[in-house]
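Student: next comes the sequence, and after it the predicted model I'd like to discuss.
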Amino acid sequence: MLTYSFKRLVQLFVTVLGVVTLVFFTMRLIPGDPISAMAGDNLSGAALDQMRGQMGLNDPLPVQYLTYLGRLAVLDFGTTVTTKLPIVGLILGALPVTVSIALGTIFLTVLISIPLGTLAAYMAHKGNRMLDNIITGVAMVLDLMPPFWTSLVCLLIFSLTLGWFPASGTVSLDDPAMLLRRIALPVLVLSMAQIATLARITRTSVLEVLNEDYVRTARSMGWSELHVLFRHALKNAALPIVTVIGLSFGNLLNGTVIVEFIFTLPGIGNLLVGGMNSRDYQMVQTLIVFYAMIFVAINFTTDLIYRVFDPRVQF
Amino acid sequence: MNELRPIRSALLDVRNLHTHFLTDKGTVKAVNGVSFQINQGERVAIVGESGSGKSAMAMSLLRLLAYPGKVVSGEINLEGRDLNRLSERQLNEVRGRLVGTIFQDPMSSLDPVMRISNQMIPPIMRHLGLSREKARAEAISWLDRVGIPDAARRIESYPFEMSGGMRQRVMIAMALSCRPRLVIADEPTTALDVTIQAQIVELLKELTAETGAAMIFITHDLGLVARFAHKVGVMYAGKLVEFGPVKDIFARPRHPYTQSLLDTIPPVDQLERRRLAQIPGFPPDMKLPVTGCAFKDRCAGAHRRCFEVAPELEPRGHGHAAACWLPEGLGAGRQMERALIPPMEPAADAGEDRVVVEINNLHKHFTTRSSLPWRKPPTVRAVNGISLRIRKGETLGIVGESGCGKSTVARLLLGLDPATSGDIFIDGMAQMVFQDPSSSFNPKMTLFNIIQEPLVVTGWGTKAERETRVRELLGQVGLDESYMHRYPSQLSGGQRQRIAIARALALKPSVVVADEPTSALDVSVRAQIINLLVDLKQKLRVSFVFISHDLLTVSYISDKIAVMYLGEVVEYGPADEVFNNPAHPYTQALISAVPIPDPEAEEARIQKPLSGELPSPLNLPVGCSFASRCPKATDYCRTHKMVLKPYSKTRETACHYAS
Ligand SMILES: Nc1ncnc2c1ncn2[C@@H]1O[C@H](COP(=O)(O)OP(=O)(O)O)[C@@H](O)[C@H]1O
Ligand code: SF4
Ligand code: SF4
Ligand SMILES: [Mg+2]
């Protein structure tokens, strides 16, 4: 366990360093910089240059890079270019929205796809492939629809035409009802992209387990089908399912950026979009560090959950 | 039919059971009208080749068949209730409670992510209505009875923390824990070593006798049957073709199939060696309808009537019944028809008698990677100083429990692994035949290319010469030349093994190493391969190293036997001497564990299975490596290492007290 934690820490360090470096240089490859984005055409070239000098943007790239790393090392994440607000504060403020969307999506996905996949596996085990075929068909259709497109369609139908969900309105933890109504559609959209995949994985792994000898042993001891499914089959099928859920977080973070933008939700994704638009190097870099840390944290959690489900997994 | 009428007290009365598998390719009629009875406390063995419907029949009794299997019709009366008419819910009160089940593969029959306690205790609570504490105590006492040391602690283990033998004990404890009236055991020892097999069989016998439970024991090993069954049923193509008391079945089998099966087993008394009986052909495809007797295409006694009408199971006296038109089957004279194996001709000149393989003080140590860099990595001493010689045309059998280093010796001989120390001298070349030939063949190559591959690799001969050689090899292993253009997938297991042997012989090696070449084969096919090896030995004067855990076969085919234990040879000598008069306590234990296909002889034997399991080769004991399991071990043994020493003129053994 000690070596394992150490390995994970090294992994965190290497990931963050790599990502930071990549982002640092690609940001500077994109045409435009924070000063020109902020000023537009209003200021003279000399004035802009002076501001750049103040921010150290005229230094050679390697110097800028090292300065940045130096600040990072003492956990100085800086402020935004325009409003001079501390970036960490902004992220913490936007976090609840994104976390609600992400957790909501995972919750809904798991709630629907695991029972559905299990049922499909059970029916297939008894020789009935109907639900199997339906899930495969639906999955194929859903896979063809990008979240961007589904978001727009949902927004159009459920918010703008039917008016079931508000398209705008302040979102904060103080008003949970409003928060729920605002994030309902994004959660739905993102879940749609995940449900089919997870249901299929669940179905495959449960079906495999149902053919295992120990399932027959459980039946031979007089356990009902339901008991066999829940006590033996699901628990043994959990490893691939947990892996897929862990991996789907990647897609999910991607998705939150899109839905937050389309549904105008003040989450991390929107901060990222804003940061990109204003070429706020500091903002984008800090957000990326943050995302990288989330990834490593999810990996770590997945591993821990592995251990809960399978005593054979050792670190 | 009078003798087959159910006796009132019959515990289980199965009548006309039919089970089908409704597959896409057609209906497989796996069980075709099976009827039999079992009385209280009776042990019935069901034998037959794989695919004969044994498992399908047994699983049908409790409706444990997975899709697409289905019990189509029949009555399954258990204590007067027809299980076939019970609802799933009612049946769940019978499963585990009245009938316990033990499966073949202990490695996969227990839930890997659940503690033993969580698998054993809840069924006891449910079926016997006990509280959790009481049920736990009950479970522990069962684990104790099946010989799990430190049961109170081990009950909290996971299956992966136990060996195969231990897991099968847990399985038995679980199946018996609710005090069932009937135990169904489907090949419960097939996946285990001979010594463990003997322990498990002994345990099942004791426990069922104690609790008065009846047992259905499914196996393809006739020797095991003789050891402990009261009655035997022989299945062929989904039907019982013979049923009767064990002694009758062995002393006077009436069905040609049973008779042939018995004759495929190498005899214990090998003074007069005859070729083993072979059953030609294959069992019928159970998807196709059968007219007449299902065995007719393979039966030496088949006549017109057999092709027209199927014989029914008819009484033959003393509770014995057989399904054959001939009252005595092939008759008692059948054994005389099998050819005697002539004794090995003495070598024509001295050069013919030379040593072709010599191994001196061979060691192979595997060093595993250490978990922490500063800790010394553990070393597995798989082969720990062995010396052997094989003469031209001689067959050396190597026996021992799995994990004792047999296969490592084979790999070293073939140069597949480098030795840690010691010398191997081979005059000529060594070639290999594996247990499962299919995995060593490229499925996309024709058999011609598979056989000629070693020739091509070594640049042997011209194209035409190679073709002639392949034809010659096919002839030697008893396959028609037309097989040249087929692919491995079109062959049966036995035919694939013939191809493997042909390929091994292609370069005229001086020694062929065969590692468990018959273990994956069915009894009748096994006999064919053994006969083939015996022929080749006679004809070609090739030396063989025959590695197997099947002692009866090894002693039948070998000239010399080396018994291995924990990487060492503990006894070495002529096959018949070692087998009939073992000197080392380990050899004695191994041989007493071999089931003998003769119920009378089995009864007379002292049954004391070797206790314990092979210790880990990680930390070898200082003294005699067998001391931890040896009934004769003394303190001197535990502190003093013993090396192989002459025991008689022809034999060597490594025991302080062998004399
Ligand atoms: N799941 C299955 N699907 C189709 N056929 C099967 C299935 N299981 C067994 N069978 C067929 O049923 C017959 C009997 O098999 P089985 O009872 O396993 O034989 P045994 O136990 O004697 O080896 C064989 O022909 C086998 O191919
Ligand atoms: S009925 Fe005929 S074919 Fe069948 S076993 Fe008897 S003799 Fe052989
Ligand atoms: S040396 Fe001792 S422990 Fe070893 S086999 Fe002989 S009697 Fe048993
Ligand atoms: Mg079977």
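Tutor: Yep, it's here. Numbering: from 1, shown residues only, chains lettered A, B, ... in the order given. Ligands and ions are numbered 1, 2, ... in the order given.
Student: tell me which helix or strand of chain B sits lowest on mean pLDDT?
Tutor: helix B:599-604 (a mean of 79; mean pLDDT, DSSP states H and E).
Student: quick one: buried residues of it?
Tutor: B:599, B:602 (16 or more other C-beta atoms under 10 Å in any protein chain shown). Every residue, glycine included, has its C-beta placed from N, CA and C.
Student: and stretch B:198-218, by the same measure?
Tutor: Under the neighbour-count criterion of 16+ other C-beta under 10 Å, stretch B:198-218 has B:198-205, B:207-208, B:213-218 buried.
Student: residues in contact with the closest residue to ligand 3 within the stretch 301-450 of chain B?
Tutor: Using C-beta to the nearest ligand atom, the single residue of the stretch 301-450 of chain B nearest to ligand 3 is residue B:400, 13.9 Å away. Residues in contact with residue B:400 (C-beta atoms under 8 Å, 6 or more residues apart in numbering or on different chains) are B:406, B:549, B:563-565, B:590.
Student: so which of those are in strands?
Tutor: Judged by DSSP state E, the subset of the contacts of residue B:400 located in strands is B:563-565.
Student: quick one: which of these has the most company?
Tutor: Ranked by neighbour count (other C-beta atoms under 10 Å in any protein chain shown), those have residue B:563 at the top, with 27 neighbours.
Student: of the ones in strands among the contacts of residue B:400, closest to residue B:143?
Tutor: residue B:565 (28.2 Å; C-beta to C-beta).
Student: do I have it right that that closest one meets residue B:399?
Tutor: No - using C-beta atoms under 8 Å, residue B:565 is not in contact with residue B:399; the gap is 10.0 Å.
Student: nearest to chain A, of the contacts of residue B:400?
Tutor: residue B:549 (22.7 Å; C-beta to the nearest C-beta).
Student: what sits closest to the most centrally placed residue in chain B if chain neighbours are left out?
Tutor: Most central in chain B under C-alpha atoms, centre = their mean is residue B:190, positioned 5.6 Å from the mean C-alpha point. With sequence-adjacent residues excluded and distances taken as C-beta to C-beta, 6 or more residues apart in numbering or on different chains, residue B:190 is closest to residue B:104, at 5.5 Å.
Student: surely the one you found is in contact with residue B:187?
Tutor: Yes - using C-beta under 8 Å, residue B:104 is in contact with residue B:187, at 4.1 Å.
Student: re earlier: does the residue nearest to the centre of chain B belong to a helix, a strand or coil?
Tutor: Three-state assignment for residue B:190 (DSSP: H, G, I helix; E, B strand; the rest coil): coil.
Student: check it and give its pLDDT.
Tutor: You'll see residue B:190 listed with a pLDDT of 79.
Student: what does residue B:633 give?
Tutor: 86.
Student: and it, what does it touch?
Tutor: Counting by C-beta under 8 Å, 6+ apart, residue B:633 touches B:624, B:626-627.
Student: quick check: closest non-adjacent residue to the closest residue to ligand 2 within the stretch 1-150 of chain A.
Tutor: Residue nearest to ligand 2 within the stretch 1-150 of chain A (C-beta to the nearest ligand atom): residue A:127, separated by 35.3 Å. Spatial nearest neighbour of residue A:127, excluding adjacent residues (C-beta to C-beta, 6+ apart): residue B:67 at 4.3 Å.
Student: can you tell me how far the residue in the stretch 151-300 of chain A positioned nearest to ligand 3 sits from ligand 1?
Tutor: The minimum distance from the stretch 151-300 of chain A to ligand 3, using C-beta to the nearest ligand atom, falls at residue A:213 (37.4 Å). Separation of residue A:213 from ligand 1 (C-beta to the nearest ligand atom, to the nearest Å): 13 Å.
Student: okay, now the unreliable bits of the stretch 301-450 of chain B?
Tutor: Where the stretch 301-450 of chain B drops to pLDDT under 70, the residues are B:335-337, B:343-352, B:368-377, B:437-438.
Student: same deal with chain A?
Tutor: Those would be A:1-2, A:38-44, A:169, A:314-315, if you go by pLDDT under 70 across chain A.
Student: do the helix ranked longest in it and chain B meet?
Tutor: Identified as the longest helix of chain A according to DSSP state H is helix A:87-125. Yes - Helix A:87-125 comes into contact with chain B (C-beta under 8 Å from any C-beta of the partner chain), by way of residue A:125.
Student: re the thing from before, which element is the residue nearest to residue A:127 on?
Tutor: Of the helices and strands defined by DSSP states H and E, none includes residue B:67.
Student: wait, isn't it in contact with residue A:126?
Tutor: Yes - the pair residue B:67 and residue A:126 qualifies as a contact (C-beta under 8 Å) at a distance of 5.4 Å.
Student: next, the contact list for the residue of the stretch 201-315 of chain A found nearest ligand 2, please.
Tutor: The minimum distance from the stretch 201-315 of chain A to ligand 2, using C-beta to the nearest ligand atom, falls at residue A:216 (33.9 Å). Residue A:216 sits next to B:64, B:66, B:103, B:109 when contact means C-beta under 8 Å, 6+ apart.
Student: quick check, it in a helix?
Tutor: Yes - Residue A:216: assigned to a helix according to three-state DSSP.
Student: the strands in the stretch 351-500 of chain B, which residues?
Tutor: With DSSP state E, counting those that start in this stretch, the ranges of strands along the stretch 351-500 of chain B come out as B:355-367, B:379-391, B:395-399, B:421-426, B:430-433.
Student: most tightly packed of those?
Tutor: Across the strands of the stretch 351-500 of chain B, averaging neighbours per residue (mean count of other C-beta atoms under 10 Å in any protein chain shown) puts strand B:395-399 on top, at a mean of 26.
Student: that concludes my questions; thank you for your assistance.
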